[in-house]
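Peer 1: Let me see the structure of the following:
(chains A and B)
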Amino acid sequence: MKRPLALFGAVAAVTTLAACGSGSGGGDQAGPPRPGGTLRYGLSQAPTCADPVQAQTNQTVYVTRQVVDSLVDQDPATGEIKPWLADTWQVGPDAKSFTFHLKDGVTFSDGTPLTADSVRKNLDALVHTIGAAKASLAASYVAGYVGTTVVDPLTARVDFSAPDAQFLQAASTPQLGLVSDATTAKSAEDRCQGVIGSGPFSYAEYKQGASATLVKRTGYHWGSPVFGNHGDAYLDKIVFTVIPESGVRTGSVTSGQLDAVSDALPQDAPQIEGAGGKVLTVSNPGIPFGIGPNISRGALRDPAVRTALRTAIDRKELIDTVLGPQFKPATGTLASKTPAYVDLSARLGYDPDAARRTLDAAGWVPGPDGIRVKDGQRLSFGVLFAPVFDGNQAILELVQQQVRKVGIDLQLDKEASNVVAARQLSKDFDAVYFNLTRADGDILRTTFGIDQQNYNARGPIPALDQALTGELGSTDAAARAKLIGDAQTSILDQGLWVPTIELSQAIGTAATVVDLKFEASGRLQFHDAWLRGK
Amino acid sequence: MGRYVASRVIQAVAVLWAAFTGSFIVLYLLPGDPVTLAAANPGIPLDAAAVAELRARYGLDKPVWQQYLTALDRALHGDLGRSLTNGQHVLDAIGDAIPTTLVLAVTALALALVFGTALALTAAYTEKRRLRGFLIALPPIGASAPTFWVGLLLLQVFSFRLRLVPAFGGTGVQGTILPAVTLAVPVGAVIAQVLYTSLAQTWRQPFVEVAFAKGASRWWVQLRHVLRPALAPALTVAGVWVGTVLAGSVVVETVFSRAGLGRLTQTAVLNEDIPVVQGIVVFTATVFVVVNLVVDLIYPVLDPRVAQHFRRRGAVRV
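Peer 2: Below you'll find the model as predicted:
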């Protein structure tokens, strides 16, 4: 039901809107920022919760990111950690303790001050009140949390039971954004209906499933240096409305009923641009989409099969045929925007002959139907996936055709996301297809670590295991990047991840919107955004 | 009559209980674990400890009969639990959604009644075969036109091109007219179809000849003698109208970005948010029960034959 709807919407928009561009100028000379105005934003799905710590989807983060500040910020251009609520910080030599020195004079929108005790209450609430059950992502950032010590009113020390170098970047995410005492005292369910943060905007209204209205805070002077503007936000208000139908989102932008929308489809771009607007895109950092084989069963036990799979996929064709120019083919184990990313595109070129040679050498010979066979076993496996991203099915169908040319039979194993999650947990699959967004290389450890998710169901691989454990204990950025780089190469060479494409965000904006920016994890940050006179 | 009303009310309560129990059983038997999904983040599934904690939090670790009794007891006290995905009280979630859907449904039903009845009356009245043929061809078209297609078409023309009405978020006549018209199309088609068939049959009844013999005009016969008995079968399917309205609202509310019951149902089903789905089932059952109760009570008033039958037999359904 969903796909035909979306497709039809796009077709209808093309046919009836082509003639009605209403260009209001355009041109990149926007002039000095003008404060004021209400930005009307169309979300593609309802946010699941008003609470940043429980936010798991992009559409939820677009809203929640604006109402909280984090201890530190991450520069989207360099991946460097910058001050935000904390002016300075120290990481203990064993990466087990983190001391944050907070800015003075920061207040939450209920007027209460931010103190070291706020940091303690926030992390305690996450670990003890909310827990992994309600905030699996945030909880994974603070695994091994021992406690927070209030050193003095503006100094907080966070301790972990084991080295945890990833925590500094985690502290920059909206999931670990800080809320006031009034909020940390509440239950997880009650926090979902609204929170009080110190961010540049605060909730004026939150209607579950329908809309959220944020208003500017005046006197906001503790923005991060990543922001272009160091005072209050420019916008007076942001009104988020849930507009599930993509054709309606596009039509609303081009007819001046919305200023910006999520998930502008490739076919919507010409109309948005025709009306003087732009499609802003950014590719997500983290693990790109790819196939993770379960190497404990079936044909994928054979490393040769995994190696052949890597070069049997034509990634450029996936982009050109299914997705469009705002997407990129994967060029490594990590997505290109991730700090410490290593370009492994030389290993990911399309080379079906190399794939055939590898399989021939390993003793897989073509059977009567073209699918290879070895010792009576067909070269066939299922790929488990959920249609969480609209393109997943079409991508895998094309991959299926591509790998069939070298004699591999790839079967689509489509399930609802809850079934996928359950089967991932019990490792009940031949291979699984997904992506994960995170602007830190630690995502490799949590995904491929032998004591972590370990979807590959693999045994020890000493070089890889050492790299993954090592990066978590490394306080030196360069040394840590080197270990994360080693892990990327090892994972790809062992055939533990067969990447396909990088996920992209595409935000359609009207001509009126200036300086709407993405933060380091590829989510929207509205602080610098302003509206050009209409 | 008092005994009749009492028996209808008892039946209504029994239907509600059955709806509650039925939905509980069906949702319990569904494959997939709602708890895993409640915090599902593809790629970061919960570990066993977190799943166990969540099951305990929602009482899902207890034996099924105990869960059922707890849920039933709470429901009797007006507590339908909280959403597994966003923690909202189910009653609040439904309560927030009702006004949006009610405005849409009532407007659409009114439009459907006016235009559906007018179409059926004209088609039954006219003696021009071509006009009648044209008119009776319309309801099947209306019933089969995909609702989302009609909605998007109306949006393209009246909102994006002519800019007469907002595409979303509007209130009052401006904000309601397009979704209401979209929803009125399939509902009006059902009404027109049933009413026309019923009118055409009634026209062939012997008492029509008698009325003509008394010198009545064609209009007078249709309004005074044919319409009233013909209404009864059309009213019988009022439950079907309500069903069509609720089913249509899922699509209409998606296209027109309205956070009503249809959208709530869709997201709750997608997320297997069991307490919300169950709340909606019970609520919908209540609506059906009330509508049918009202219809049953109106019935004898409309058609004296039913009232006579009822006086003799103490039963009312025909």
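Peer 1: Which residues outside stretch A:79-86 are in contact with it?
Peer 2: Contacts with stretch A:79-86, where a contact means C-beta atoms under 8 Å, 6 or more residues apart in numbering or on different chains, come from A:69-75, A:100-103, A:106, A:114, A:168-169, A:172, A:178, A:198, A:222-226, A:338-340, A:439, A:520. All C-beta spots, glycine's among them, are computed from the backbone N, C-alpha and C.
Peer 1: out of the residues you listed, which are inside strands?
Peer 2: The strands, defined by DSSP state E, take in A:72, A:73, A:74, A:100, A:101, A:102 from the contacts of stretch A:79-86.
Peer 1: circling back: are any of the contacts of stretch A:79-86 buried, and if so which?
Peer 2: A:69-75, A:100-103, A:106, A:114, A:168-169, A:172, A:178, A:198, A:222-224, A:226, A:338-340, A:439, A:520 (16 or more other C-beta atoms under 10 Å in any protein chain shown).
Peer 1: What helix or strand is residue B:165 located in?
Peer 2: Per DSSP states H and E, residue B:165 falls between elements, in no helix or strand.
Peer 1: Let me have the ones in strands among the contacts of stretch A:79-86 in CSV, extended by pLDDT and distance to residue A:38.
Peer 2: What follows is the ones in strands among the contacts of stretch A:79-86, written out as CSV (pLDDT from 0 to 100; distance: C-beta to C-beta, whole Å):
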residue, pLDDT, distance to residue A:38
A:72, 98, 30
A:73, 97, 26
A:74, 96, 29
A:100, 98, 35
A:101, 98, 37
A:102, 98, 32
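Peer 1: Nearest to residue A:381 among these?
Peer 2: Comparing these against residue A:381 with C-beta to C-beta picks out residue A:74 as the nearest, at 37.7 Å.
Peer 1: Report whether the expected contact of that closest one with residue A:522 is present.
Peer 2: No. With contact defined as C-beta atoms under 8 Å, residue A:74 does not count as touching residue A:522 (11.2 Å).
Peer 1: Next one, pLDDT for the residue of the stretch 101-250 of chain A found nearest chain B please.
Peer 2: Nearest residue of the stretch 101-250 of chain A to chain B: residue A:189, at 2.8 Å (C-beta to the nearest C-beta). Reported pLDDT at residue A:189 in the predicted model: 89.
Peer 1: Count the neighbours of the spatially closest residue to residue B:179 that is not a sequence neighbour for me.
Peer 2: Counting by C-beta to C-beta, 6 or more residues apart in numbering or on different chains, residue B:179 lies nearest to residue B:256, which is 4.2 Å off, once chain neighbours are set aside. For residue B:256, the tally of surrounding residues (other C-beta atoms under 10 Å in any protein chain shown) stands at 32.
Peer 1: any idea how far residue B:256 is from residue A:242?
Peer 2: 12 Å (C-beta to C-beta, to the nearest Å).
Peer 1: what ranges do the helices span in the stretch 251-400 of chain A?
Peer 2: For the stretch 251-400 of chain A, the helices defined by DSSP state H, counting those that start in this stretch occupy A:269-274, A:303-312, A:315-318, A:352-361, A:392-404.
Peer 1: Export the fourth one to PDB, keeping only CA atoms.
Peer 2: When you say that, I think you mean helix A:352-361. These are the backbone C-alpha positions of helix A:352-361, laid out as PDB (Å, rounded to 0.1, in the frame of the first residue of the first chain):
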ATOM      1  CA  PRO A 352      32.300 -10.300 -12.200                       C
ATOM      2  CA  ASP A 353      35.100 -12.200 -13.800                       C
ATOM      3  CA  ALA A 354      37.200 -12.000 -10.700                       C
ATOM      4  CA  ALA A 355      34.200 -13.300  -8.800                       C
ATOM      5  CA  ARG A 356      33.800 -16.200 -11.200                       C
ATOM      6  CA  ARG A 357      37.500 -17.000 -10.900                       C
ATOM      7  CA  THR A 358      37.400 -17.000  -7.100                       C
ATOM      8  CA  LEU A 359      34.400 -19.300  -7.100                       C
ATOM      9  CA  ASP A 360      36.000 -21.600  -9.800                       C
ATOM     10  CA  ALA A 361      39.100 -21.900  -7.700                       C
END
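Peer 1: Burial check on the closest residue to chain A within the stretch 201-318 of chain B, number of neighbours?
Peer 2: Going by C-beta to the nearest C-beta, chain A is nearest to residue B:259 of the stretch 201-318 of chain B, at 3.3 Å. Residues lying near residue B:259 (other C-beta under 10 Å) number 23.
Peer 1: Leaving out the residues flanking it, which one is nearest to it?
Peer 2: Nearest residue to residue B:259, sequence neighbours excluded (C-beta to C-beta, 6+ apart): residue A:210, at 3.3 Å.
Peer 1: Surely that neighbour is in contact with residue A:241?
Peer 2: Yes. Counting by C-beta under 8 Å, residue A:241 is a contact partner of residue A:210 at 7.4 Å.
Peer 1: buried ones in the helix or strand encompassing residue B:13?
Peer 2: In this structure, residue B:13 sits in helix B:2-29 according to DSSP H and E. Judged by neighbour count using 16+ other C-beta under 10 Å, the buried positions of helix B:2-29 are B:12, B:15, B:16, B:19, B:20, B:23, B:24, B:27.
Peer 1: and which of those is nearest to chain A?
Peer 2: Nearest to chain A among the buried residues of helix B:2-29, counting by C-beta to the nearest C-beta, is residue B:27 at 13.3 Å.
Peer 1: Now for the residue nearest to the closest one when sequence neighbours are not counted, how many residues are close by?
Peer 2: Spatial nearest neighbour of residue B:27, chain neighbours left out: residue B:274 (4.9 Å); criterion: C-beta to C-beta, 6+ apart. By the criterion of other C-beta under 10 Å, residue B:274 has 25 neighbours.
Peer 1: Can you tell me how far residue B:274 is from residue A:405?
Peer 2: Distance check for residue B:274 against residue A:405: by C-beta to C-beta, it reads 45 Å.
Peer 1: got it, and residue A:315?
Peer 2: Look at residue A:315 and residue A:405: by C-beta to C-beta, they are 15 Å apart.
Peer 1: same thing with residue B:288?
Peer 2: 55 Å.
Peer 1: out of those two, which sits in the busier spot?
Peer 2: residue B:288 (19 against 13).
Peer 1: And the pLDDT at that one?
Peer 2: Predicted confidence (pLDDT) for residue B:288: 83.
Peer 1: Longest helix in chain B, please.
Peer 2: Determined from DSSP state H, the single longest helix within chain B is helix B:90-125.
Peer 1: Show me which positions of it end up buried.
Peer 2: Under the neighbour-count criterion of 16+ other C-beta under 10 Å, helix B:90-125 has B:90, B:93-94, B:96-97, B:100-101, B:103-105, B:107-109, B:111-113, B:115-117, B:119-121, B:123-125 buried.
Peer 1: Ok, stretch B:57-64 next?
Peer 2: For stretch B:57-64, burial by neighbour count (16+ other C-beta under 10 Å) applies to B:57, B:58, B:60.
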